[in-house]
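K.L.:
Fold the following, please.
(one chain, ligands or ions: 1)
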Amino acid sequence: MGTILVTGGAGYIGSHVCLAVAEAGHDVVVVDNLVNGSATAVERVGELTGASIELHVVDVTDRAALDRALDAHDVDAAIHLAGLKSVGESMAEPLRYYDVNINAAISLIGALERHGVFRLVFSSSATVYGEPDGVPIPETARRRSINPYGRTKQLQEDLFFDVAAADPRWHIGLLRYFNPVGAHPSGRIGEDPAGTPNNLMPYLMQVAVGRRDDLTVFGDDYPTPDGTCIRDYLHVVDLADGHVAALDALDDVAGCRPWNLGTGEGYSVLEVIGAASRAIGRPVPHEVGPRRPGDVPELVADVTRAQNELGWRAERDLAAMCADHWRWQQQNPDGYRVGA
Ligand code: UFG
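P.N.:
Numbering: from 1, shown residues only. Just a heads-up that it's a prediction; the model follows:
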């Protein structure tokens, strides 16, 4: 057991990762600039686990501040989630995405090296696969992301491969997330998107809770059985457990190793709306609109490698993802902003 630095630990996925890492018996130190995260989330992880989790409100690109945070703790490994993550925003502001995401990775690697830390788990994304040749997608599939956000993930992966190739002390795991949804079953932590949600599940849940009008289904003329896009949704608690499994496996990794984290099963947009409606107990109003630019018809993970090498597999089904996301949304209709 050691101390794990979690960058972006106050965010949606980060807070669940902190919880899983703390429950595995590690000490957790969070670095987060709170642009997309909440100090309340970190507090609640402390309440849920009984652990005392220190939050450093620091921008990972601020090298001096990151050094100070690392000086204050004896860190054994880092999990890097901090970064900008909206596909649409990245198309409008590509320079900002490259600047923030690439500089964060450079800054973090330098700070970790200066502190003798050579174990890293990186939050990558299935978006690096772009439009795949086929599904399920293995880690060996060609990476050809089709938007600036995805290219910053791909570039960070390249950076980590190069760093690990140059210095054998590094052990780096790249976790390519498919579509994380859901929330901790306590309903105390969950997704709290700033502004209008970009993603299906948070948008749907905000419609269900009355914060927004109809959900728009982005296209029903795709080459899939019901015409809507298919994705590999996985429960954020399973995803978080995957980080603990990756940390445990790092010592056996020579250099840098990618792992897909998904369930290996795909669901269409209409299937998700159906499952969510059942969890909520009434239909979620929706209408079909035009396709969203950049969407690919189907993304589903080949999860064989994660199962074999991490001993990890997603356990929670779509019904649990919807029920847990709904519990969070009902108990916190306005996210972390009120009712702490
Ligand atoms: N969708 C709708 N209506 C909405 C929102 C989404 O119909 O209001 C559809 C999309 O068109 C897509 C599906 O729901 O077919 C899933 O969309 P999301 O935005 O929830 O997820 P994406 O698969 O587009 O993207 C997510 C993350 C990315 C990540 C990618 C990797 O948001 O960060 O998965 O697969 F890169």
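K.L.:
Near the closest residue to G25 other than its chain neighbours, how many other residues are there?
P.N.:
Spatially, and ignoring its direct neighbours in sequence, G25 is nearest to M1 (4.5 Å; CB to CB, 6 or more residues apart in numbering). (C-beta placed from N, C-alpha, C; glycine too.) Using other CB atoms under 10 Å as the criterion, M1 is surrounded by 8 other residues.
K.L.:
The one 3 residues further on too?
P.N.:
With neighbours defined by other CB under 10 Å, the count for I4 comes to 27.
K.L.:
Also V31?
P.N.:
Quick note: V31 (other CB under 10 Å) scores 28 neighbours.
K.L.:
do P225 as well
P.N.:
P225: 10 surrounding residues under other CB under 10 Å.
K.L.:
Quick check: it vs the ligand, distance?
P.N.:
For P225, the distance to the ligand (CB to the nearest ligand atom, to the nearest Å) stands at 14 Å.
K.L.:
mind checking how far that residue is from A69?
P.N.:
Distance, P225 to A69, using CB to CB, to the nearest Å: 49 Å.
K.L.:
tell me the contacts of the residue nearest to G25?
P.N.:
Applying CB atoms under 8 Å, 6 or more residues apart in numbering to M1 gives the contacts A24, G25, H26, D27.
K.L.:
how near is it to the ligand?
P.N.:
For M1 relative to the ligand (CB to the nearest ligand atom), the value is 31 Å.
K.L.:
For burial, what's the neighbour tally of the closest residue to V117 other than its chain neighbours?
P.N.:
Excluding the flanking residues, the one nearest V117 by CB to CB, 6+ apart is V75, at 5.3 Å. By the criterion of other CB under 10 Å, V75 has 21 neighbours.
K.L.:
surely V75 meets H115?
P.N.:
Yes: the pair formed by V75 and H115 meets the contact definition of CB atoms under 8 Å, at 6.5 Å.
K.L.:
Overlap in contacts, those two.
P.N.:
With CB under 8 Å, 6+ apart, V75 and H115 have no common neighbours.
K.L.:
Doesn't G264 belong to a helix?
P.N.:
No: assignment of G264 by DSSP: H, G, I helix; E, B strand; the rest coil gives coil, placing it outside any helix.
K.L.:
neighbours of it, just the number please.
P.N.:
G264: 19 surrounding residues under other CB under 10 Å.
K.L.:
and the nearest residue to it once chain neighbours are set aside, what are its phi and psi?
P.N.:
The shortest distance from G264 to any non-neighbouring residue, by CB to CB, 6+ apart, is to V303 (4.3 Å). Here is the backbone geometry of V303 (degrees, to the nearest 10): phi -100, psi 10.
K.L.:
All good on my end, thank you.
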